[in-house]
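**Q** With the sequence up front, the predicted model follows.
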Amino acid sequence: LSAPAPRAVNVDLQTDAMLQVDISDALSERDKVKFTVHTKSTLPNFKQNEFSVVRQHEEFIWLHDSFVENEEYAGYIIPPAPPRPDFDASREKLQKLGEGEGSMTKEEFTKMKQELEAEYLAIFKKTVAMHEVFLCRVAAHPVLRKDLNFHVFLEYNQDLSVRGKNKKEKLEDFFKNVVKSADGVLVAGVKDVDDFFEHEKTFLLEYHNRVKDASAKSDRMIRSHKNAADDINRIASSLYTLGTQDSTDLCKYEQMLSLDFTRSCLHKIEARIAADEDLKLADLLKYYLRESQAAKDLLYRRSRALVDYENANKALDKARAKNRDVLQAETSQQLCCHKFEKISESAKQELIDFKTRRVAAFRKNLVELAELELKHAKGNLQLLQGCLGILKGNT
Amino acid sequence: MADTARDAPPEQTDFHELEDGEELFPEPATTQESQPASLAAEDISTNSNGPKQDSLFDDDPEDLFAEATEEVSLDSPERDVLLSDGPSPAITPITPPTSVITPRIGHTHDDMFTHSSFDEIEEEEGGDSFDIHISVSDPEKVGDGMNAYMAYKVTTKTSMSLFKRSEFAVKRRFSDFLGLHSKLASKYLHIGYIVPPAPEKSIVGMTKVKVGKEDQSSNEFVEKRRSALERYLMRTVKHPILLKDPDVLQFLESSELPRAVSTQALSSAGLLRMVNKAADAVNKMTIKMNESDAWFEEKQQHFENLDVQLRKLHTSVESLVCHRKELSVNTAQFAKSAAMLGNSEDHTALSRALSQLAEVEEKIDQLHQDQANADFYLFSELLGDYVRLLTAVKGVFDHRMKTWQKWQDSQMLLQKKREAEAKLQFTNKPDKLQQAKDEIKEEIEELEGKVQQGERDFEQISKTIRKEVSRFEKERVKDFKTIIIKYLESLVQTQQQLIKYWEAFLPEAKAIS
């Protein structure tokens, strides 16, 4: 299953004409997805001005992790990694459909199959979009776009031999996260002198939690909507079978026609809404859930640096008092100070950019959501009124 | 005053297994007339006005009417005339119309008796066009504790001359409706009329109401029941024959109605019904009918398919109602969450927009609720009604089979008696011979009569069923169409509301800078 890359991006970005990245193609195989990453650039470090490579999800993760682990980037919001392509649910449904083939009419089966395939396609498109957004964010960042790993990722046309983490590494990661969250709690307690950062800390914490909640609730809402849409689909099919099975010769043809109309009408109505709300609202919320987490991580790193700086200060004072290892303490303190200031400086800008991006993204998506809802409601209205006209006319 | 034409010996009972309660006492020694309340007549006929508790047959007064119709099976001259035109035996009297027709029935009954043909009855209705509307309203709790019950106001608005007034109301309780149905069923089902089933009992639902729980679910229950009762009555009066039944008229008009005791689930009559139903089921399996008429086979198959489809549809609609309610809940929760998000957002315009979004979603949640209710009341309940109606339809086909069986049994018996008669010729007991011969001759005559009657009954029920099925199908198509139209109209309203809400929201979203 392959799909042309969607150009629509959830996040509003400023792309530099000097470096343009997109996913021009994608191929879904048994258990992996192959993305064709296409680059157009006038940067001198690339051998050509335009080229493509094939990458898999693990390689994206490797790239993301290399940013996170790079001390140099501690002061930036690292664009969140794209979520793993997850077709499991969809595949399971397709399988169940295949098993239940005997128990439904051919018409129902074809209809459900079409639906599931459409769902599969939608998930596919979404995962491609997510991966593309990640790359675009990196390409748009003034510092990250220059990263060597990034260039290798874009240009190196062999497999990067990045294997997924093995069990040991996953376990290490797990512990690292535990330590980090514990630490995060400690560090968060440290009051910041700087009003800007203090405000941002409070804000982000609350915002992140609320986005999480909103994202979960919107998912539930959409699931309910899909369930209702499935029911309507089944009802419409039943009505149709009822109509066609009717052996009375009372306007049989008209009946069939109007029933068919009603059926497709009802079906379109429900299915559309579910799909669009999904794209606009839920994806937006999910994305900002991840972004706000990345912003939180930045704040954490800064706080961590601040704590280190304060500790270094204390150590220096102690060393001076004892008059031992003063030079060492001084160097260490200077390093910490430098690190902290560097992070603080870039963090401020990053957080301001984050807000700008966020506001723009929400605006764009909310406007598009409202416009889509209107378009569909009006379309549905027309459809329904047409349908009613036919039904009433045939009395 | 026994009808002299009747000399049906009780032995008939031998040949019938205990099928319907009605047939327990097929040949009543006493009663005569059939139902027309007209019978201010001397005896029993008064029963048409309500269950006679002290009747001969315990508390299953329906029997009286059953017998009455059995009556018609005798060779009365009127009957022959009537048969040829296929009348509704339930209405025509047996005895020569020295009619003691009480004025309250109105002159239409006169006309009916003189014309006495089903077809003409329908024409008759053409003249007095079907214009009657019944509403069930104002549920009121009467009494306290476990003896409490809900009383409903039944209002009839009509221009038909069948009724004394053009608008009137009475108070009825649920068991009254059940009583009405049970009377109609006993009178008409076994001769092929599709009697609309009454709404179902619900011990749980009623107990909640009795106990006095004034909450959402018991209110919903009462509303559900009220709506079902209304549909039941409308469906019943839409049937041209049932409309004119004195029990129906009495139900609608008379202010006092004797309590229908035999409708209680655990009464002896109820138990009897259950036993009979079980016996019925066994019988059905053993009757192998030689269907000479393909129409019936076809129709039965058609109704089987319809049953399956309707049940499936009903399940889907119930699932939809459930999911819609879920959707409404989830939308409300999302709305709250979005409001919270808006609160924590520090960009003012975006914050306001998010709050607006939350409001829109809240309104949409309400829309979903309303839509769910529409789904339910329009669609789901109708489907439930039809699933139950189909049971009545199938029952009618079964009765035809039983009628056929009865006829066949009579024939077989006749055959045996004839053989016995033949054998008698060769016995060597001269003194007893003549007596025996006479006896057998008598029996044979009687059986011949029975066989003829059986055949006539069978033809009659077949004819009635054809008409009923055709009427049923017409009604069904009409009903469904009406419901679909109503449903689509409710969807139209929803879309219009949605447009209003989103149009109000759009400028807010655009205002984010």
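**A** On my side now, so go ahead. What you are looking at is a predicted structure, and each value in this text was computed from that prediction instead of being measured.
**Q** Give me the phi and psi for B:T156.
**A** When read as degrees, to the nearest 10, the backbone of B:T156 gives phi -110, psi 130.
**Q** give me the number of residues near it?
**A** For B:T156, the number of neighbouring residues by other CB atoms under 10 Å in any protein chain shown comes to 22. To be clear about C-beta, it is placed using only N, CA and C from the backbone, and glycine gets the same treatment.
**Q** what about the chain, any weak spots by pLDDT?
**A** Using chain A. A:1-17, A:162-165, A:186-191, A:243-279, A:394-395 (pLDDT under 70).
**Q** Can you look at chain B instead?
**A** The model of chain B has pLDDT under 70 over residues B:1-129, B:211-214, B:260-271, B:273, B:277, B:280-288, B:427-432.
**Q** all strands for it, in order.
**A** Taking DSSP state E as the test, the strands found in chain B are B:132-142, B:149-158, B:167-173.
**Q** closest one to B:I483 among the ones you listed?
**A** With CB to CB as the criterion, B:I483 lies closest to strand B:132-142 of the strands of chain B, at 17.8 Å.
**Q** what lines up beside that closest one in the sheet?
**A** Its sheet considered, strand B:132-142 pairs with strand B:149-158 (antiparallel) by DSSP bridges.
**Q** Next, the buried residues of the strand it pairs with.
**A** Residues of strand B:149-158 classed as buried: B:149-152, B:154-156, B:158 (neighbour count, 16 or more other CB atoms under 10 Å in any protein chain shown).
**Q** Show me which of those is closest to A:P83.
**A** Nearest to A:P83 among the buried residues of strand B:149-158: B:M150, at 55.7 Å, using CB to CB.
**Q** Setting aside sequence neighbours, what's the nearest residue to that closest one?
**A** For B:M150, ignoring the flanking residues on the chain, the nearest one in space by CB to CB, 6 or more residues apart in numbering or on different chains is B:P139 at 5.1 Å.
**Q** could you measure the residue lying closest to B:K486 once chain neighbours are set aside against chain A, distance?
**A** Spatially, and ignoring its direct neighbours in sequence, B:K486 is nearest to B:L378 (5.3 Å; CB to CB, 6+ apart). Going from B:L378 to chain A by CB to the nearest CB, to the nearest Å gives 12 Å.
**Q** Make sure the residue nearest to B:M150 is actually in contact with B:Y152.
**A** Yes - the pair B:P139 / B:Y152 is scored as a contact, 5.5 Å apart, by CB atoms under 8 Å.
**Q** what do the two both touch?
**A** Common contacts of B:P139 and B:Y152 (CB atoms under 8 Å, 6 or more residues apart in numbering or on different chains): B:R226.
**Q** so B:Y232 touches B:L184, yeah?
**A** No - counting by CB under 8 Å, B:Y232 stays clear of B:L184, with 10.9 Å between them.
**Q** between the two, who's got more neighbours?
**A** Under the criterion of other CB under 10 Å, the comparison of B:Y232 against B:L184 puts B:L184 first, with 25 against 21.
**Q** Can you report how many residues lie near residue 322?
**A** Just going to use chain A. Using other CB under 10 Å, A:K322 has 10 other residues around it.
**Q** ah, I was thinking of chain B
**A** B:C322 has 17 nearby residues by other CB under 10 Å.
**Q** so how far is chain A from it?
**A** Look at B:C322 and chain A: by CB to the nearest CB, they are 9 Å apart.
**Q** likewise B:D479?
**A** Distance of B:D479 to chain A, given as CB to the nearest CB: 12 Å.
**Q** how about that residue, what does it touch?
**A** The contact partners of B:D479, by CB under 8 Å, 6+ apart, come to B:382, B:386.
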